[in-house]
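Engineer: Need coordinates for the below:
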Amino acid sequence: MTPRSGTPKFRKLDFFDKAVDGVRDTSLIGAFISTASLGIMALLFMSELWAYLRVDTVSHMSINAIHEDRETTLFLHATFPFVMCSEIQVEIENLRGGKGATIQGTPTIEARAPNREELKILRRINSLRNIKANQGSCTLKGEITIARVGGMLHLKIYNFERAGDRTLDHYIHDLSFGPPIPDVTNPLKEVYVDAPQDTARVAYTLKAIPTSITTRYGRTTRSFQYSALSEYETISALATIKDKRHGPGVHFAYDFSPVGVVRREKSTGFFQFFTSSCAIIGGVFTTSGLLVGFIQNVRRTAKKD
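Structural biologist: Down below sits the predicted model:
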């Protein structure tokens, strides 16, 4: 058996067969180069596909008005394990340039007993493992329309007494301004606050930053992300404050930054991906054909000599 006839099946992979006396002739070297070419094409194509699917995000700061609306929404979802709904009053307060305050009616926030899913979340916390549905807990959930000026959200607790397990512990399922932002997690999301034993007031300071995100498909989402700081005040410290707005409870003071964040997603266009893929296939095929032709000519010349 000659070497030429020893691998007939592998020779069929030769994409660069030559016409010899009117007959298409395949060679072992051509099959090797064809197989290697297929591997190179696949590797380069996968690299081009990865570049097409990859999304790069470009961010920059802007002092321009990202949001044209003068109002936005504030969404709150929180549970108080040891406070009844009848003892909580929700108030929204807008501060206009430091010239006083106005109370904007009754916020559209529902006060109810925690549902089964919310109790399941609370029971994952060690100190609340034995909490019961009829224990006297309260869940607040709803959305408020607020003006884009500094303000305060008060969750006032009346008849507050330090007795037994009565504390200001609370679980914040979510607190957000505007619609949700993809790939951005708010600092007050799924957070349990275990207030110290002598705490009568928990105060949060929120700084909302306008954010605009444009996806690779041209869809733009305008919302807010924010930073959060918290502090606790004891009963004795609270007694020295004359301002009745700062009574027992949980209070959120928020303000809006004049500087916003603009994010744009960039990626390779489909036609660029298609053109590059065709160039890869044509370029590798042509180069391999030239290489096979060169080797065949060298071998033919060597045999004549």
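Engineer: So Ser227 sits against Asn186, correct?
Structural biologist: No. Ser227 is not in contact with Asn186 according to Cβ atoms under 8 Å; the separation is 9.8 Å. Yep, even glycine has a C-beta here, placed from its N, CA and C like the rest.
Engineer: hey, what's Ala253 bridged with?
Structural biologist: Note on Ala253: beta-bridge partners by DSSP bridges are Met152, Thr205.
Engineer: Distance from the chain centre to stretch 41-48, please.
Structural biologist: Stretch 41-48 sits 29 Å away from the centroid of its parent chain (Cα atoms, centre = their mean, to the nearest Å).
Engineer: what residues does it touch?
Structural biologist: Here stretch 41-48 makes contact (Cβ atoms under 8 Å, 6 or more residues apart in numbering) with Phe273, Ser276, Ser277, Ile280, Ile281, Val284, Phe285.
Engineer: so what's the second one closest to, chain neighbours aside?
Structural biologist: Okay, so that is Ser276. Spatial nearest neighbour of Ser276, excluding adjacent residues (Cβ to Cβ, 6 or more residues apart in numbering): Glu48 at 5.1 Å.
Engineer: And for the first one?
Structural biologist: By the measure of Cβ to Cβ, 6+ apart, the closest residue to Phe273 outside its immediate chain neighbours is Tyr52, 4.1 Å from it.
Engineer: and the one you found, helix, strand or coil?
Structural biologist: Per DSSP: H, G, I helix; E, B strand; the rest coil, the local secondary structure of Tyr52 is helix.
Engineer: From Asp183, how far off is it?
Structural biologist: Between Tyr52 and Asp183 the distance is 20 Å, computed by Cβ to Cβ, to the nearest Å.
Engineer: Between these two, point out the one with more neighbours.
Structural biologist: Neighbours per residue (other Cβ atoms under 10 Å) separate Tyr52 from Asp183, with Tyr52 holding more: 17 against 7.
Engineer: got a list of what that one touches?
Structural biologist: Ser267, Thr268, Phe270, Gln272, Phe273.
Engineer: how about the residue nearest to Ser276, secondary structure?
Structural biologist: Classified using three-state DSSP, Glu48 is helix.
Engineer: what stretches of the stretch 101-250 of the chain score poorly on pLDDT?
Structural biologist: 101-107, 160-166, 238-246 (pLDDT under 70).
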